[in-house]
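>>> how does the following fold in three dimensions:
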Amino acid sequence: MSKIKYALYTGCTAKESTPELLKSTMAVARALDIELIILEEASCCGAGHLQDFDEFLSLTLNARNICYAEKLGLTMVTICNTCQLNTSITKEKLDNNESLKSKVNQKLSEVGLEYKGTSEVKHFLYAIIDDIGVDAIAEKVTKPLKNLNIAPFYGCHNIRPSSLHKNNNGGENPYVPNSMERLISALGGNSINYAHKNKCCGFHVELQAPKTANKLSGDAMLDAMDNDADVVVTPCPLCHLRLDVQQHNISKEIGRDVNMPVLHLPQMIGLALGITPDALGLNHNVSEITFL
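Predicted coordinates:
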């Protein structure tokens, strides 16, 4: 079987605020015999705010990023839910509106690029599930996550709106997602089911309404704790920043002590594959990894 190759769109957060995400993603890719080519020319996706200011600029910016994956002839893989959403929105709109696509390409021509719509856009979670499969991943497990109750936290932007994501995440049901549960089972862990696993973490209102952000994050963390979780895992670095970094502020807001390890998705996979904590960047996590 030939090596699987993707164009990796890192986004901003995995290179700056959560460097452990990029480090662990690259480590897991090597262990799964995946080649990731980082799109070094790519820029920020707009973080869910640019389109409110200038929708055309947002479309052009994200189309430009996709162009670099198209030039390589590869599927673009993302490692951030918000990057996945913004990039998917752009692809959906341009692929279904020739007039808009032409206008965007007119702007892109100024930097020698043309958006063609030839590259898929998939989150790393769904890329490995679709293209490698949970059974093949299970065969590579050397340190099963046995005796660990793992709470998957999906967040919003990777599964909603379903009309947008149905073509690039296997049509996962946003109300009853199960991709991470299947992956956790393949890694030897025990996934817990809890009501807030597919809710908002509050990241995008953190600056405007920190109390609301802490309440949303707190609801998710308490729900996981009350269902006997040992650790939370998320495929989104923005959710990770809320759930991992803000536990002190969450605790003050909800009136209960929150002290729960929070892993990035590839960190969880990497531990089961026998990758060392150092290679997974666990020293960058703020919450103590108590189960190692």
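
>>> CA atoms for contacts and neighbours, from now on please.
Fine.

>>> and Tyr126, which of the three is it?
Three-state call for Tyr126 (DSSP: H, G, I helix; E, B strand; the rest coil): helix.

>>> just use 601 as the starting number from now, easier for me
All set: I'll call the first residue 601, so the last point we hit is now Tyr726.

>>> what's the nearest residue to it if we skip its chain neighbours?
The shortest distance from Tyr726 to any residue that is not its chain neighbour, by Cα to Cα, 6 or more residues apart in numbering, is 5.5 Å, and that residue is Asn769.

>>> with Ser817 instead?
Cys801 (4.8 Å).

>>> hang on, isn't that neighbour packed against Ala813?
Yes - contact criterion Cα atoms under 8 Å: Cys801 and Ala813 qualify, at 6.9 Å.

>>> more neighbours, those two?
Cys801 (30 against 23; other Cα atoms under 10 Å).

>>> now do that one, the pLDDT please.
Note for Cys801: predicted pLDDT of 97.

>>> tell me the secondary structure for Cys801?
Relying on three-state DSSP, one would call Cys801 coil.

>>> quick one, what contacts it?
Residues in contact with Cys801 (Cα atoms under 8 Å, 6 or more residues apart in numbering) are Gly755, Cys756, Ala813, Leu816, Ser817, Ala820, Cys839, Arg842, Leu843.

>>> hmm, try it at 7 Å
Gly755, Ala813, Leu816, Ser817, Cys839, Arg842 (Cα atoms under 7 Å, 6 or more residues apart in numbering).

>>> farthest-separated two in those residues?
Spanning the widest gap among the contacts of Cys801 are Gly755 and Ala813, at 13.0 Å by Cα to Cα.

>>> any idea how far the residue lying closest to Glu620 once chain neighbours are set aside lies from Leu694?
Setting aside the residues directly before and after it, Glu620 is nearest to Gly881 in space (Cα to Cα, 6+ apart), at 4.5 Å. According to Cα to Cα, to the nearest Å, Gly881 stands 37 Å off from Leu694.

>>> out of the two, which sits in the busier spot?
Neighbour totals were compared for Gly881 and Leu694, and Leu694 leads with 23 against 18 (other Cα under 10 Å).

>>> may I have the distance across stretch 722-740, first residue to last?
Between where stretch 722-740 begins and where it ends, there is a gap of 23 Å, by Cα to Cα.

>>> let me see the mean pLDDT of that stretch.
In this model, stretch 722-740 has an average pLDDT of 96.

>>> report the buried residues of that stretch.
With burial defined by 16 or more other Cα atoms under 10 Å, the residues of stretch 722-740 counted as buried are Lys722, His723, Phe724, Leu725, Tyr726, Ala727, Ile728, Ile729, Val734, Ile737, Ala738, Lys740.

>>> so which of these is the closest to Ser763?
Minimum distance to Ser763 across the buried residues of stretch 722-740 is 14.7 Å, recorded for Lys722 (Cα to Cα).

>>> could you count how many residues lie near the nearest residue to Thr613 once chain neighbours are set aside?
The shortest distance from Thr613 to any residue that is not its chain neighbour, by Cα to Cα, 6+ apart, is 6.7 Å, and that residue is Pro837. Number of residues near Pro837 (other Cα under 10 Å) recorded here: 26.

>>> isn't Pro837 right up against Cys683?
No - assessed by Cα atoms under 7 Å, Pro837 is found out of contact with Cys683, at 10.3 Å.
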